[in-house]
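> Structure, please.
(one chain, ligands or ions: 2)
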Amino acid sequence: MKLTIVVPCYNEEAVLPETTSQLTHVIGVLKEKGSIDEGDILYVDDGSKDRTWELIESFSRQNAHVTGIKLAHNVGHQKALWAGLEWASTHADAAISIDADLQDDVEAIYPMVDYFNKGIDVVFGVRKERTTDTFFKKNTALTFYRLMRGLGGDIVYNHADFRLMSRRALQALVSFPERNLFLRGMVSSLGFPSAMVYYDRKERFAGESKYPFSKMLSFAMDGITSFSVRPLRYIAYLGMLFMLIAVLAIVYGICSYVDGQALPGWTSLIVSVWFIGGAILLACGIIGEYVGKIYKEVKRRPRYFVEKSVNLEE
Ligand code: UDP
Ligand code: MG
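Ligands and ions are numbered 1, 2, ... in the order given. Okay, here's the model as predicted:
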């Protein structure tokens, strides 16, 4: 079986030599154990501005395990990863995606491959705890997972993009036609046999995080909006709530009017404020429902993936 380790890199010249030597070591050990027959590292240079590509080229000359793809410009982590996985889906039996910065424990690759050899299609790398992350990163991440879960995104808690996928899982994934990628959500919606491998997340080996807060926020927004249409529905709910309040306001307004306690003009004003507000929101929500349907349709997602069949040969 052939394993490809896909590593997206954006301005990672500081870590690449170490990453290469660690991953090469892992591949060596896997071969020795007989877990794999062939293994290579596929670097995807996501339009780096530093010497990342020069390094990849020079490693590939010295080390037969190193291969690389250079993207024309910076398309972001998810799309860079996709590029590598798409290639792997036709050239490897299994692919592992891992960040270049060695934050994910390369040792976890061994149990991942063992699971694959037992017939598991998707193995999620799950962080045990976030002791090395800053308080800020830990909590923003936690909030993000909660929010995603609450909005119906079926994602694995504390799993980033460190995972193994079998060829058929990769092929299922690349059949998703959408352009807004949120890989961890898409992968867990495939539904093939899966397992989890737990590891300690480390400090970035060198260099700086390529995910400043602004990128993180936009990643979270993309994640939610490319996965869930529920926010649209919540607008409709809010509209209904306001309409309900309007009814109460009407009753209250009329009572105060009859009581003679209301200032002239107040009743009509307060009633219309709530009613119009509610009506507008409800209308937006209804339009949103249709937009949501259109959104789901234009994604043209495959309706199902066949996991197994019997006596059927293609
Ligand atoms: N990355 C990428 N394109 C980008 C930003 C990041 O390919 O535009 C890669 C980066 O090289 C690394 C991975 O995505 O391998 C995760 O980035 P990083 O470690 O900076 O994120 P963090 O761990 O801080 O969330
Ligand atoms: Mg990192």
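
> all helices for the stretch 101-250 of the chain, in order.
Remark: helices assigned in the stretch 101-250 of the chain by DSSP state H, counting those that start in this stretch are 109-117, 135-150, 167-174, 183-188, 213-225, 230-259.

> which helices and strands does the longest one pack with?
Applying 3 or more CB pairs under 8 Å, 6 or more residues apart in numbering; DSSP states H and E, one finds that helix 230-259 contacts helix 266-298. Where you see a C-beta, it was placed from the backbone N, CA and C, and this is true even at glycine.

> So which bits of the helix it packs on are buried?
Residues 267, 270-271, 274-275, 277-278, 281-282, 284-285, 288, 292, 295 are the ones in helix 266-298 that count as buried (16 or more other CB atoms under 10 Å).

> Report all helices and strands that it contacts.
helix 230-259.

> Now do the helix it packs on: distance to the chain's middle.
Its chain's average C-alpha position is 38 Å from that of helix 230-259, according to CA atoms, centre = their mean, to the nearest Å.

> between that helix and helix 135-150, how many degrees?
Taking axes from the mean of the first three to the mean of the last three CA atoms, to 10 degrees, one finds helix 230-259 and helix 135-150 inclined to each other by 80 degrees.

> Pull the contacting residues for the residue nearest to Met243 when sequence neighbours are not counted.
Closest residue in space to Met243, ignoring its immediate chain neighbours: Gly278 at 3.6 Å, by CB to CB, 6 or more residues apart in numbering. By CB atoms under 8 Å, 6 or more residues apart in numbering, the residues touching Gly278 are 239-246.

> Identify the residues contacting Leu151.
If a contact means CB under 8 Å, 6+ apart, then Leu151 has 224, 227-228, 230-231 as its contacts.

> again, only using 10 Å
Contact analysis of Leu151 by CB atoms under 10 Å, 6 or more residues apart in numbering lists 223-225, 227-231, 233-234.

> Next, the residue in the stretch 151-300 of the chain positioned nearest to ligand 2: phi, psi?
The minimum distance from the stretch 151-300 of the chain to ligand 2, using CB to the ion, falls at Arg204 (5.3 Å). Dihedral pair for Arg204: phi -60, psi 130, per degrees, to the nearest 10.

> pLDDT check: weakest of the contacts of Leu151?
On pLDDT alone, Phe227 ranks lowest of the contacts of Leu151, at 79.

> still on that earlier bit, can you list the helices of the stretch 101-250 of the chain in TSV and add distance to ligand 1?
Supplementary listing: the helices of the stretch 101-250 of the chain in TSV, determined by distance: least, CB to the nearest ligand atom, whole Å:
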stretch	distance to ligand 1
helix 109-117	16
helix 135-150	8
helix 167-174	18
helix 183-188	11
helix 213-225	7
helix 230-259	24
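
> export the ones you listed to CSV and tack on mean neighbour count?
Formatted as CSV, the helices of the stretch 101-250 of the chain follow (neighbours: other CB atoms under 10 Å):
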stretch, mean neighbour count
helix 109-117, 20
helix 135-150, 14
helix 167-174, 21
helix 183-188, 21
helix 213-225, 15
helix 230-259, 15
